[in-house]
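Asks: the following block contains a protein sequence and its predicted model.
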Amino acid sequence: MHKLLTEHSGLKMLLLGNEAIARGAVEAGVAVGTTYPGTPSSEISTNFFQMSRESDLYFEYSTNEKVALEVAAATANSGLRSMCVMKHVGMNVAADVFMTLAYIGVKGGLVIVTADDPYMFSSQNEQDNRYYSKFSGLPMVEPSSVQEAKDMVAYAFDISEKLQQPVIFRTTTRINHSTADVVLGEIKAPQTSGDISKDPFNQVPVPAVARNLHARLLKKLETAEKMSENSKYNFIMGNGVWGIICNGVSYNYVSDAAKDLNIEHRVKIFRMGFSYPMPRATIKQFLKECEKVLVVEEGEPFMEETVKMLAQEEKLTLPILGKSEKYFSRLYEFDPALVRQSMATCFDVAYTPAKVPDLSDIPEIPDRPPNLCAGCSHRATFYAVKKASEGMDTICPTDIGCYTLGFLPPLAMGDFLICMGASAGVSCGFSIKTNKKVISFIGDSTFFHSGIPGLINAVYNNHNFTMVILDNGTTAMTGHQPNPGVDMKELDIDGYGRVSIEEIVRAVGVSHVTVIRPYRVKKSIHAVKEALNFKGVSVVISKEMCTLYAKGLKKARGKPFFVSDKCKGHKNCINELACPAFYIENQRVNIDPVMCSGCSVCAQICPEHAILPIRDT
Amino acid sequence: MNTTRLIIVAVGGQGNLLASRVLGEAALLSDIPVRMSEIHGMAQRGGVVESSIVFGDARSTVISDGEADVLIGFEPSETLRALNKCNLNTVVITNLAKLPSFTVTTGKSVYPDLDVLQELIRNKTAKLIAFDAASLAIKAGNVLSVNMVLLGALIQTHTVPLSAENVKEAIIKRTREAFVESNLKAFDLGFSAAQGLG
């Protein structure tokens, strides 16, 4: 049995934040889970996927976040508790749905999980999604600990059903990827069927209906604010006159710092867990009891702005501090020492920071940049495109996935990146007036996610570029989740359809379509050259299974290779491919047989044919 | 209860997260409050994996620069890189078996000299326990048990509030059955190796 389905209420279990959220959903009787995977949220869905195979939970990997939320909006409007999970930038994709879903509302609870990523450990921006709650008018909760990450899910479902509104459950990486012991609660059995109660004058927001619905949304927000005023997750600790307002992980740093600085008796800490709408009356009262207030929040001055506004309404002149050079930046994540230092400065408390050793005499430590895996099919594809486009003046837009790493030298394939699927659209743009050959890269999952409309645009508007679709048969970057192109039978799972990328590309009207096997170097270069010379939209589908994924599926590859005595040390293999299986010992190129996956690409480009498969002895 | 802050740094694939998990389970078995945090952005693609583990009464799961009580490095150059987390009272345990990064193996950068590296760490911290954990892992019967060797060394130093019994119980509970025996052996070898070092 899946560990998160353990019935044993009261049991203490060590859980990752994301596991705790998934368990919280199970305890809340979630009936439907949907997602598009994205770090740091991915493990929530992985656990849903596993549990759905041995319980009544319905779960799906949807093609993108917009679709995921549409599916969940419908199941929630059929009366079923539903959860939709995504990383922060996924909310941008889903925004069209929830901005209007906020008007329509839900019948069964709907919780939208957004996993923000301050410091951008694995993201392209660090947008603060708390503004989405204010923007849409949807209530928001934010846990500070792993235990709360579990407990607040059921709470969010309760709020959602009381208000008949979706609720935003906002986390940051340090919640998703923290681990702690969690006391389990009881599991509530999910509802197994639902239905829509038809009510078009509340569920079809044509202008006349929408005008009423917007007014209703504002009424619901008033009710939500009353709930926020009374929420046990908005609590005040301490009786001092030095006020601190904080949320999420900042609360941990603040409460530890108050202890470390020995000022627990002098501070009053307001932890915001139900953080939109903010409990304005309670905050006003809090401000009246304080001499000075420090707002501690990662990201944007979301709470600080409201707190300052409330002070103005009350004609309070106490200092309210937060985002400034002296205290907190809008950049990156916080840490305990930073918060301790800012609290000490703000309240003028003696504090000696820990002494970091003098590192000036440390020799340069070689970097360990992430690299495409040994035998990665993307490396082979990039190599083929690089060779095929030699001598051409090119622009290479790229997209979100492992293959983004192809922008690093020596492959250096990637000139421009915005967001999921954008490679297609920007390629249209770059091809209009630059007079350069545009070659774009997009992965299979990203193509399904949002690359298709850009490609259709290219055909319709008669643009001129080559799209290379790197089809490695999985959503590799986030941990090998399936996508519509995956053969689910490989995973021994029945009941799924399968969508062919090639058929889609041909169906939208691309007239030059080639499928290559990138490990066949010469053939691939030749096929890519033809595609590049085609005037109009051409597509190259490079098909080869992700080497890590293949290993996981125990799909044996060829034998590893070694460098024979024929090697004359040109080092083309290292300099052009940079496969991590290579190493130099005594000025001689070698291949680590454990890392080598036997893709044979290096053997094919070696001018001396010195790289050979290891034969059985 | 006092807090103890432990940082583990490793290269993706060295089993850092499993080691953290074992310590977490051991803390749970000993009724010691524990919270951990991990950063493994692109670990499977050769990057660095860092976990922080905080034992005792604290809410934070992150450890600031200069505030680690113990640092374990699964790879010597990564131990050196994490020195900013240490102070003069920090106990450092490091594996001495190198996993040179690709830039080093292809001659594009130079790996720091191991003697110099140890001297630098020794001068800037309270104590350094350095040994070849990889050869002990091989001796234990599983080259991948470097993580368990280093856990053994950690417990020998008494720097974290966990007993060898509890950690071994967690190893039995949390690691794959086929590897339990070699993992326990690796733990013992690491424990013995740390005796008399540092």
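Replies: Great, that's in hand.
Asks: who's in contact with B:E169?
Replies: By CB atoms under 8 Å, 6 or more residues apart in numbering or on different chains, B:E169 lies in contact with B:A26, B:L29. Heads up, the C-betas are built off the backbone N, CA and C, glycines and all.
Asks: assess the claim that A:V426 and A:I395 are in contact.
Replies: No - between A:V426 and A:I395 there is no contact under CB atoms under 8 Å: 9.1 Å.
Asks: neighbour count winner among the two?
Replies: With neighbours defined as other CB atoms under 10 Å in any protein chain shown, A:V426 and A:I395 compare such that A:V426 has more, 22 against 17.
Asks: that one should be in a strand, yeah?
Replies: No - judged by DSSP: H, G, I helix; E, B strand; the rest coil, A:V426 forms no part of a strand; its state is helix.
Asks: can you count the residues close to the nearest residue to it once chain neighbours are set aside?
Replies: Excluding the flanking residues, the one nearest A:V426 by CB to CB, 6 or more residues apart in numbering or on different chains is A:P397, at 4.8 Å. A count of nearby residues for A:P397, using other CB under 10 Å, gives 27.
Asks: pop out the phi and psi values for A:P397.
Replies: phi -70, psi 140 (degrees, to the nearest 10).
Asks: now residue 134: which helix or strand?
Replies: Let's take chain A. In the assignment (DSSP states H and E), A:K134 maps to helix A:130-136.
Asks: let me rephrase: I mean chain B.
Replies: Assigned by DSSP H and E, B:A134 falls within helix B:133-140.
Asks: that helix near chain A anywhere?
Replies: No - using CB under 8 Å from any CB of the partner chain, helix B:133-140 never reaches chain A; the gap is at least 13.4 Å.
Asks: what's near enough to touch the residue nearest to A:V426?
Replies: Going by CB under 8 Å, 6+ apart, A:P397 touches A:G414, A:D415, A:F416, A:L417, A:A422, A:S423, A:V426, A:S427, A:F430, A:V438, A:S440, A:F441.
Asks: neighbours of residue 143, how many?
Replies: Just going to use chain A. Neighbour count for A:P143, taken as other CB under 10 Å: 29.
Asks: you looked at the wrong chain, it should be chain B
Replies: Look at B:V143: counted by other CB under 10 Å, it has 13 neighbours.
Asks: any idea how far chain A is from it?
Replies: Plainly put, B:V143 is 10 Å away from chain A if you go by CB to the nearest CB, to the nearest Å.
Asks: find the nearest non-adjacent residue to that residue, please.
Replies: In space, not counting the residues next to it along the chain, B:V143 is nearest to B:A137; the distance is 5.5 Å by CB to CB, 6+ apart.
Asks: my guess is the one you found contacts B:L151. True?
Replies: No - taking contacts as CB under 8 Å, B:A137 lies outside contact range of B:L151: 11.6 Å.
Asks: which one of the two is surrounded by more residues?
Replies: Taking other CB under 10 Å, B:A137 and B:L151 do not tie; B:L151 has more neighbours (33 against 27).
Asks: what sits against that one?
Replies: Shown in contact with B:L151 (CB under 8 Å, 6+ apart): B:A19, B:V22, B:L23, B:V167, B:I171, B:F187, B:G190.
Asks: host element of it?
Replies: Here B:L151, judged by DSSP H and E, is contained in helix B:146-156.
Asks: same check on B:K168?
Replies: Using DSSP H and E, B:K168 maps to helix B:164-174.
Asks: coming back round to it: okay, buried residues for the helix holding B:A134 please.
Replies: Within helix B:133-140, the residues that qualify as buried are B:A133, B:A134, B:S135, B:L136, B:A137, B:I138, B:A140, counting by 16 or more other CB atoms under 10 Å in any protein chain shown.
Asks: again with stretch A:559-576
Replies: Along stretch A:559-576, these residues count as buried under the neighbour rule (16+ other CB under 10 Å): A:K559, A:P560, A:F561, A:F562, A:V563, A:C567, A:C573, A:I574, A:E576.
Asks: and the pLDDT at the closest residue to the last one other than its chain neighbours?
Replies: When you say that, I think you mean A:E576. Spatially, and ignoring its direct neighbours in sequence, A:E576 is nearest to A:P410 (5.7 Å; CB to CB, 6+ apart). At A:P410, the predicted lDDT confidence score is 92.
Asks: correct me if wrong: A:P410 contacts A:N572.
Replies: No - using CB under 8 Å, A:P410 makes no contact with A:N572, being 10.2 Å away.
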